Every structure is written in C-alpha cells, then in structure tokens.
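1. Next comes the sequence, and after it the predicted model I'd like to discuss.
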Amino acid sequence: MRLSLFLSLVLLPLALSAKSHSEASKPNFIIIFCDDMGYADIGPFGAEGYETPHLNRMAEEGMVFTDFHVGYAVCSPSRAAINTGSYPKRISVNGNFGPTSKTGLHPDEWTIADVLKQENYATACFGKWHLGHEPEFLPTNQGYDEFYGIPYSHDMWELHPENGTRYNFPILPLYEGTQVIKKQLTPEDQKYHTRNITSRTVQFIETNKKQPFFIYLPHPMPHVPLYTTDSFAGKTERGAYGDVIEEIDWSVGQILNALDEHGIRENTLVVFTSDNGPWLRYGDHGGSAGPLREGKGTFFEGGYRVPGIMSWPGKIKKGVINDKFASTIDLLPTFAHLAGAQLPKNRPIDGENIAPLLMGKEPPNYSRGFLYWSGRRLSAVRGGKWKLVFPGSYTVWEVGGGGLPGHERLSETIELSLFNLDTDVGETTNVIDQYPNVVARLQKFAGSARLDLGDGQTSGRGVRPLGGQN
C-alpha cells in the first residue's frame, strides 16, 4: 500500500473524530421569545396571581437582567433586531409586516441562524415568524433548517377581537417550511400553539443532541387573543392571561427537562425574554410593565424594557441579578463569539458581545449608547443611567377587558426630557435643567446616529437599502 494512501486511511478517521469532538463541544443556544409579555409578568420580576416555577428555576440557576431592552417596541422590527443584531432602522424594517405585505426581512441579511450555520449548527424556528410571509422571506430561506408555525401575529385573522372596528384580515395559515400545511386555523387550533411548538422543540433537541444546535422559539402568546389548552384554562387567579403565562412556564420546564435528560444542559445557553412590553389597551388580557412607564408601541421603558433571564449551568453563576444594560441586539455577536463563528462582513452590527458580562468577567461599558425608535424617527437615546427623550407624541388608550381593545383616548405629547433611570425608572421627573452637560453629550450622540441611520427617512446614510415596509 502506498504511504500516502495508508496515511490518509489512518488520519482521516482521526480528523473526522477531532472535528466531531470540536463541534460537539460548541455550546447550544435556545432563545425563548414571548410576544407582548410585560416586564412584570413572570415570577422573578414580581408577577402575582399565577405561578412560574420553571422560570423561577431558570433565574435561580442563572442571571436575571433587570435592564434588558429590545431593539424596537413592536413585533416585526423587534424580531428583525434579535435576528440580525442590528437596529431595525438600519435594515429598513420600520413597522409591522402583515398578511398583505409583499416585503420582509431581506434574505441577504445575516440572521443568528446564518452566522451559526458557518459552524455546522442545526437550526430551527418554531412559532411566530412575522418577518414576511412570502416564501423568500420565511425562516428556511433565512438560515433555519426547520420552520413550523405561523407567518404573522395570530390576531391577524378574520376573528380578530372587535370593539366597534371591523378588521378585514384574511385566514391564518400554519406552515411547515415554506408549505402551508393547514390553510385556516380555528380557535381550537389556536389553543395548541404553545403545546405544539414546545413538542417540536423537544423533538429537535432529541434529534440534534449530539451536534451543536440553535433553536429560536418565538411564542405567539401572550399576545391577544389568549388561548390555552384545557389543562391550563381557568387555573389562575389572574384569569386567561395568567393561564397563558403558566402554560408558557410549563413549556420552559419541558425544554429544561429535555436538556437535562440528554445530558446537555451544561452545554446549552437558554435565553428567555419578550419582543416588547405589554399591550396595555387590552386590560385584563394584557400584561403589566410594573414600575415602568407605558407599554408596547411607545419609546418609554414600558415598551422597550422587558424581562430577561439567561441560564447556562457551569458557565453563568447561579442567582445573579444583573443591573447592567443589555439588549436583544447583543445576542448575535455574543453567540458568534461563543461558537467561534465569524460575524458577517460589510454588515454593520449594532449589538455588543456580552459574553464577559455573562461569565462574571469585566463587563461591557455600562455607559454605552442605545437608540429608541418610533417608526423611522429617533425618539430617545440612552447613555448609562441617562435617557434623553425628544419632543413628540404617543397614543394613550382606554383600557379594554375580556379580550376587547380599549379605544384611543388622546395623543399625549412630551417635551425634551432627561430622565435618570437609576433613580427614576418610571420616567416621571424631567431633570433636563440640572444636567446641561449630559444633555449636550446625548444630543451629540443622537446627531451622530441620525447621520448614520437617517431620521424620518426610509434608510440612513450608508445603509444598505434592504428589507421594506408593509
């Protein structure tokens, strides 16, 4: 036998074995992403009237983030942000996509799934996508190997809750990959959203337990209309909303148990958070922002600040309460770092690698800046404990009940305001006259952001003209 052939026969299995070992040692990632869950809607953040024992377990085993922000305070832009690590404005996703939208997240964008595929990760999305329903925009054309779920919000259907307003939404389909496997979901089908996507997640863990994987689990709930299986209906003092949260907590338990069962819990980083704050106009069918001002759709903390828990036994210390700023846009660069994956070239990433913060090492700069957008407009900026809100308006709603939305009450206005979030997380006291130097610094930061991303325009200077609006 020739020496070269002999060596190849001997060394190839060793190389494959080394590669297999290297891939197996890479961490798994799971993002559990709720819809319209408020800051105070789970046990570790003070929820009352129902129990969240599995989320309590996650918090006890890992790190609770009390200053965790989304990239935008409504559905589609927030989902674009968590998937790409960029402000939605940068990638031209400035509002929600819907059943009649012909655009979506541009396939040329790099999602977390795209980044991790470089390192041979198995990837899946189970739940609500809401980044375009045309085939080219669906998850399996955005880096995900599997997709099972709905293409947009589950209230975007012909049975949308009504309160004097007629909504002309079409039927709500269920997808497997790019194929519609059920053309028209019914209320009975909606009851099984949480259970079905949980089952698919557990199955995916079982199938891929010997290779690195990434699961993005965007729950349709607790966005209205609220549905649970009969096992959870009517269980809590809080009513339908509490029932839904308890079923989501059950889902978390199923996932953690599956990781334990297959001996991969200590090699898996699990992130639990929400896409934006609570939809307050639905009253008892909506969540709570607790001490924060306003909720979904606004540039106040109640819209942008959400519950955040990250658990990774053996890597993240147990029971840590972290009050440092972090955001969903940080997950892509953090996962890339931990997986040894390259960040996309020529694609500006706005998030930061927060792995040092997770590991208890030197944390990222707490004074980092952050941008709050409303549509295409820059509405506020953050620097450390300071938040500067620019003059503008926002909608205040009459609170509804029983699943019906409240009516618009009036449009509130706000003047140029500076808030110290360390002492005034509710944004109640404008201290702008006391700190002119802080205001000047934040105004300068905002000016740079407007030059970079534009303000009131479809896209900013130097920004790739990708994506689109509905």
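-> Looks like it came in fine. These figures come from a predicted structure and were not determined experimentally.
2. So which residue is smack in the middle of the protein?
-> Nearest to the mean C-alpha position of the chain, by C-alpha atoms, centre = their mean, lies D275 at 4.3 Å.
3. per-residue pLDDT, the residue nearest to it when sequence neighbours are not counted?
-> Nearest residue to D275 in three dimensions, chain neighbours excluded: S78, at 4.3 Å (C-beta to C-beta, 6 or more residues apart in numbering). Quick note: C-beta positions are derived from backbone N, CA and C, even for glycine. In the predicted model, S78 carries a pLDDT score of 98.
4. Do a quick rundown of the helices in the protein.
-> Taking DSSP state H, the helices of the chain run over residues 3-25, 53-61, 75-84, 112-117, 187-190, 193-207, 240-261, 301-304, 331-339, 355-358, 436-453.
5. which residues touch the second one?
-> For helix 53-61, the external contacting residues (C-beta atoms under 8 Å, 6 or more residues apart in numbering) are 42-44, 249-250, 252-253, 256, 270, 272, 309, 311, 313, 318-319.
6. Let's see the PyMOL selection covering just the buried ones among these.
-> For the buried members of the contacts of helix 53-61, the matching PyMOL selection, counting by 16 or more other C-beta atoms under 10 Å, is:
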select buried, resi 42+43+44+249+250+252+253+256+270+272+309+311+313
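7. Among the contacts of helix 53-61, find me the one that's closest to D284.
-> D284 has its nearest neighbour among the contacts of helix 53-61 in I42, at 17.3 Å by C-beta to C-beta.
8. OK, contacts around that closest one?
-> Applying C-beta under 8 Å, 6+ apart, the residues near I42 are T52, L55, I245, D249, P307.
9. Any quick PyMOL command for the buried ones out of those residues?
-> The PyMOL command for the buried members of those (criterion: 16+ other C-beta under 10 Å) is given here:
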select buried, resi 52+55+245+249+307
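10. circling back: go through the helices of the chain and name the closest to F97.
-> Closest among the helices of the chain, using C-beta to C-beta: helix 75-84, at 4.9 Å.
11. So which elements touch the closest one?
-> strand 28-34, helix 112-117, helix 331-339 (3 or more C-beta pairs under 8 Å, 6 or more residues apart in numbering; DSSP states H and E).
12. Of the ones you listed, which is nearest N420?
-> The nearest among the helices and strands packed on helix 75-84, by C-beta to C-beta, is helix 331-339 at 27.6 Å.
13. on that earlier part again, closest to P222 out of the helices of the chain?
-> Per C-beta to C-beta, nearest to P222 of the helices of the chain: helix 240-261, 4.5 Å.
14. hmm, back to that, and the two most separated of the contacts of I42?
-> Farthest pair in the contacts of I42, by C-beta to C-beta: D249 and P307, 12.1 Å.
15. For the stretch 201-350 of the chain, which segments count as strands?
-> Ranges of strands in the stretch 201-350 of the chain, per DSSP state E, counting those that start in this stretch, are 213-218, 268-274, 305-311, 320-322, 326-327.
16. Columns mean pLDDT, mean neighbour count and distance to Y87 on top of the helices and strands packed on helix 75-84, output as a markdown table?
-> Shown next, in a markdown table, are the helices and strands packed on helix 75-84 (pLDDT from 0 to 100; neighbours: other C-beta atoms under 10 Å; distance: least, C-beta to C-beta, whole Å):
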| stretch | mean pLDDT | mean neighbour count | distance to Y87 |
| --- | --- | --- | --- |
| strand 28-34 | 99 | 24 | 18 |
| helix 112-117 | 98 | 23 | 16 |
| helix 331-339 | 98 | 22 | 12 |
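17. Of all those, which one is nearest S374?
-> strand 28-34 (21.5 Å).
18. Given that closest one, what are its sheet partners and their directions?
-> strand 213-218 (parallel), strand 268-274 (parallel) (DSSP bridges).
19. Residues touching it, excluding its own?
-> By C-beta under 8 Å, 6+ apart, strand 28-34 touches 79, 82, 112, 116, 127, 201, 212-219, 221-222, 248, 251-252, 255, 264, 267-275, 331, 335, 338-339.
20. Give me the below-cutoff pLDDT ranges for the stretch 51-200 of the chain.
-> Along the stretch 51-200 of the chain, segments meeting pLDDT under 70 span 161-168.
21. about what we covered before: now render the strands paired with strand 28-34 as JSON lines, adding distance to D35.
-> Compiled in JSON lines, the strands paired with strand 28-34 are given as follows (distance: least, C-beta to C-beta, whole Å):
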{"stretch": "strand 213-218", "distance to D35": "7"}
{"stretch": "strand 268-274", "distance to D35": "7"}
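22. Now render those strands as CSV, adding mean pLDDT and distance to N420.
-> Listed next are the strands paired with strand 28-34 as CSV, based on pLDDT from 0 to 100; distance: least, C-beta to C-beta, whole Å:
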stretch, mean pLDDT, distance to N420
strand 213-218, 99, 34
strand 268-274, 98, 25
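23. Between the contacts of helix 53-61, which sits nearest Q443?
-> I309 (34.6 Å).
24. Tell me the spacing between the closest one and G277.
-> In this view, I309 and G277 are 16 Å apart by C-beta to C-beta, to the nearest Å.
25. ok, back up a step: may I see the helices and strands packed on helix 75-84 organised as JSON lines, with distance to A355 added?
-> As requested, the helices and strands packed on helix 75-84 are exported to JSON lines (distance: least, C-beta to C-beta, whole Å):
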{"stretch": "strand 28-34", "distance to A355": "12"}
{"stretch": "helix 112-117", "distance to A355": "14"}
{"stretch": "helix 331-339", "distance to A355": "5"}
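26. Of all those, which one is nearest K345?
-> Closest to K345 of the helices and strands packed on helix 75-84 is helix 112-117 (C-beta to C-beta; 11.5 Å).
27. hang on, isn't I414 packed against S393?
-> Yes. With contact defined as C-beta atoms under 8 Å, I414 reaches S393; the gap is 7.5 Å.
28. ok, these two, which is more surrounded?
-> Between I414 and S393, I414 has the larger neighbour count (other C-beta atoms under 10 Å), namely 17 against 12.
29. List the residues that contact the closest residue to T413 other than its chain neighbours.
-> Leaving out its chain neighbours, the residue that sits closest to T413 by C-beta to C-beta, 6+ apart is S393, at 4.8 Å. By C-beta under 8 Å, 6+ apart, the contact set of S393 is S411, E412, T413, I414.
30. Nearest to I91 among these?
-> I414 (27.4 Å).
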